[in-house]
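Visitor: When you get a sec, could you give me coordinates for this:
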Amino acid sequence: MTLITHKHTDLITYFLLLLALFALTACTNEPPIVEPPPPEPPKPEYIQVAQRDAQIIGQKIWLNEGSGKVENLTAWNKNEEFASLGIGHFIWYPAGKEGPYQEQFPALLDFLQEQKVNLPTWLQQTRDCPWPSRDAFLAAQTGMEMTQLRSLMVQTIPLQVQFIIRRLEQALPTMLSVLPGETQRENVKNIFYRIVKKPNGVYAMLDYINFKGEGTKATERYNGQGWGLLQVFENMQPNAVDVMLEFTRSAEFVLTRRIDNSPPERQESRWLPGWKNRLQTYLQELS
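Guide: Prediction:
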């Protein structure tokens, strides 16, 4: 039997301490292990428009929707249940009334407030169009509220363009979500970004989505066929050399199809010549 004395115990303890110190020193001399950062998620592409271009685009949309006239910034068309306001004729329903078309004017007011625009007090206090009918709206044309409304619409043209841009950006994932196949989704996405990169492409898509909508609402159909931006994309040749010419051709096709499918009593064919003229502006330079 081997006896372990206090002297031996002290030596063993000393030896263990040396080993621990050596291990600690070795660890501190090695470079620290740095975990690689997780890959960043792909950044979404955003539509960037300079202030000058926003003003030009806004003037062109205003010309298309309201002939560039101040009085047409506050309109209520015959046989419609809503007011049409701003350069984009954004829909505003009176209280208790709804329709098949998407209301946009309350969202525009929210957007303008986000951009620190000082709205008239009465506009801050109502979500519904204060005029219950077209007759009441027309009777108020020279009133204080209507005058303030027109002034606001004139002064915020670039911001109204930015509002439509936001709508366009939000529309893309919505349009993609309703398509049944990956190939169709990729085609639409690629067409969208090809058009965005063209000098007049942002104007063309902004004007069309404002003019005829996204094309995703089931209520905006005749005989099950829509006429919105999505339908324009779906009827395009995805690899067309001139994407703007193809966009314009497809837009004319879906609008003509709408006329063919429309109820005869609506007499929508009277609008087609003006629509075709509007589409031709998509092929012109932005100036």
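Visitor: Please name the nearest non-neighbouring residue to Ile191.
Guide: Nearest non-adjacent residue to Ile191, counting by C-beta to C-beta, 6 or more residues apart in numbering: Phe233, 5.3 Å away. Using the backbone N, CA and C atoms, a C-beta is placed for each residue, glycine as well.
Visitor: does that neighbour really touch Arg194, like I thought?
Guide: No - Phe233 is beyond contact range of Arg194, at 10.6 Å (criterion: C-beta atoms under 8 Å).
Visitor: Those two: which has the busier surroundings?
Guide: A count of neighbours by other C-beta atoms under 10 Å puts Phe233 above the other of Phe233 and Arg194, at 26 against 18.
Visitor: what does stretch 47-54 rub up against?
Guide: Identification of contacts with stretch 47-54 by C-beta atoms under 8 Å, 6 or more residues apart in numbering yields 57, 157-158, 161-162, 165, 168-169, 196, 202, 286.
Visitor: and what of stretch 58-70?
Guide: Taking C-beta under 8 Å, 6+ apart as the rule, stretch 58-70 contacts 72-73, 75, 84, 87-89, 150, 154, 157-158, 160-161, 164, 203, 206-207, 210-211, 278, 281, 286.
Visitor: Tell me the buried residues within these.
Guide: 72-73, 75, 84, 87-89, 150, 157-158, 160-161, 164, 203, 206-207, 210-211, 278, 281 (16 or more other C-beta atoms under 10 Å).
Visitor: Those in helices, which ones?
Guide: If you go by DSSP state H, those have 150, 157-158, 160-161, 164, 203, 206-207, 210-211, 278 in helices.
Visitor: could you pull out the strands for this protein?
Guide: Applying DSSP state E to the chain gives strands spanning 74-75, 83-85, 90-92.
Visitor: show me the contacts for Val232.
Guide: Val232 makes contact with 208, 215, 247, 250-251, 254, according to C-beta under 8 Å, 6+ apart.
Visitor: pLDDT below threshold where in the protein?
Guide: 1-46, 48 (pLDDT under 70).
Visitor: Pop the domain breakdown of it in here.
Guide: 47-167, 178-287 (automatic domain parsing).
Visitor: May I have the distance across the shortest one, first residue to last?
Guide: So that's domain 178-287. 35 Å (C-alpha to C-alpha, to the nearest Å).
Visitor: got it, and the first one?
Guide: End-to-end distance for domain 47-167: 11 Å, by C-alpha to C-alpha.
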